[in-house]
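[1] Could you work out the structure for the sequence below:
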Amino acid sequence: MVDVISASHFIQFFVASILILLVPGPSVLFTLARGVAWGRAVAVLTVLGNSIGTLLLSLVVALGLGPLLARSRTLSIVLQLAGGFYLLWLGFDALRHRHAHARAMTEREETRPHNLHVVRQGFTVGVLNPKSLVFFAAVFPHFVDRTKGNVTVQLVILGCVFSVMAFCTDSTWGLIAGTAREWLSGSPHRLVVLRSIGGFVMCALGLIIVTSAVLS
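    Residues are numbered from 1 along each chain as shown. Below is the predicted model:
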């Protein structure tokens, strides 16, 4: 990696990535909501899907979407709106079925959402995450050492590193949230409350993203 990216550029990128990952964004809040609602396994699977989406997003930016987004404000807004409305839909769905979900969470393990379904939802949130989109399109180029050549390869490497870091940090949050959920799982009423909180969090987050996109 040193032959492709200079050590100084990589260290600067690592520090910047840590800072942005510590700021709660759509991915973290979505993972927390899923962990509280369904437990640690679902939270980690959500993070897995989210990380795959993040990696795909970084690869798209690396292969040329970054310059296009920099020139097209409309495209950036459309992607933000898509991500915001998807979170709103997930939040409304969680609120609408909160009692059924609470009952399911106290029954057999098979009643939880299917693994592929959980990963797919996490992937959708990750690939439509405006924070990651802005970070990749606007920040990644600053850590590229053009004297090394292979700019696309450098961007791909940075995207892979960021995705792995995101998986580790977000999984930690998901495990914490999932542990809290298991501690409260003896009370269906509490699970209804927790499911409602998770739904409201996703709705609020989606509304914030949509509003920011409209007002930007």
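[2] Could you name the helices and strands sitting against the longest helix along the chain?
    With secondary structure taken from DSSP state H, the chain has its longest helix at helix 151-183. Here helix 151-183 touches helix 7-22, helix 26-38, helix 40-60, going by 3 or more C-beta pairs under 8 Å, 6 or more residues apart in numbering; DSSP states H and E. For the C-beta atoms, the positions are set from N, CA and C on the backbone; glycine is no exception.
[3] Highest mean neighbour count out of those?
    helix 26-38 (a mean of 26; mean count of other C-beta atoms under 10 Å).
[4] what's the distance between the longest helix of the chain and the middle of its chain?
    Between the centre of helix 151-183 and the centre of its chain there are 9 Å (C-alpha atoms, centre = their mean, to the nearest Å).
[5] Would you mind checking the average pLDDT for that helix?
    Average pLDDT, helix 151-183: 84.
[6] Repeat that for stretch 48-61.
    Across stretch 48-61, the average pLDDT comes to 89.
[7] got the CA coordinates for that stretch in CSV?
    In CSV, the C-alpha atoms belonging to stretch 48-61 read as follows (Å, rounded to 0.1, in the frame of the first residue of the first chain):
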residue,chain,number,x,y,z
LEU,A,48,-22.7,-5.7,7.0
GLY,A,49,-25.2,-4.6,4.4
ASN,A,50,-24.4,-1.0,5.2
SER,A,51,-20.7,-1.5,4.7
ILE,A,52,-21.2,-3.3,1.4
GLY,A,53,-23.3,-0.3,0.3
THR,A,54,-20.6,2.1,1.5
LEU,A,55,-18.0,0.1,-0.4
LEU,A,56,-20.0,0.2,-3.6
LEU,A,57,-20.6,3.9,-3.2
SER,A,58,-16.8,4.5,-2.8
LEU,A,59,-16.1,2.4,-5.9
VAL,A,60,-18.7,4.3,-7.9
VAL,A,61,-17.0,7.6,-6.8
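[8] ok, and what's touching that stretch?
    For stretch 48-61, contacts defined as C-beta atoms under 8 Å, 6 or more residues apart in numbering pick out 27, 30-31, 69, 118-129, 132-133, 136-137, 140, 155-156, 158-160, 162-164, 166-167, 170.
[9] helices and strands of the protein: which one has the lowest mean pLDDT?
    Every helix and strand in the chain was compared by mean pLDDT, DSSP states H and E; the lowest is helix 66-71, with a mean of 60.
[10] next structured bit after that one?
    Downstream of helix 66-71, the first helix or strand assigned by DSSP states H and E is helix 73-96.
[11] Alpha carbons of stretch 168-176, as CSV, please.
    Only the C-alpha atoms of stretch 168-176 are listed here, as CSV (Å, rounded to 0.1, in the frame of the first residue of the first chain):
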residue,chain,number,x,y,z
CYS,A,168,-15.9,-2.1,13.0
THR,A,169,-17.2,1.2,14.5
ASP,A,170,-20.9,0.7,13.5
SER,A,171,-20.9,-2.9,14.7
THR,A,172,-19.7,-1.8,18.1
TRP,A,173,-22.7,0.6,18.4
GLY,A,174,-25.0,-2.2,17.1
LEU,A,175,-23.7,-4.7,19.7
ILE,A,176,-24.3,-2.1,22.5
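[12] which residues are in contact with it?
    For stretch 168-176, contacts defined as C-beta under 8 Å, 6+ apart pick out 21-22, 27-28, 31-32, 34-35, 40, 43-44, 46-47, 50-51.
[13] Now for the residues you listed: which two are most distant?
    The largest separation in the contacts of stretch 168-176, counting by C-beta to C-beta, is between Leu22 and Arg40 at 20.9 Å.
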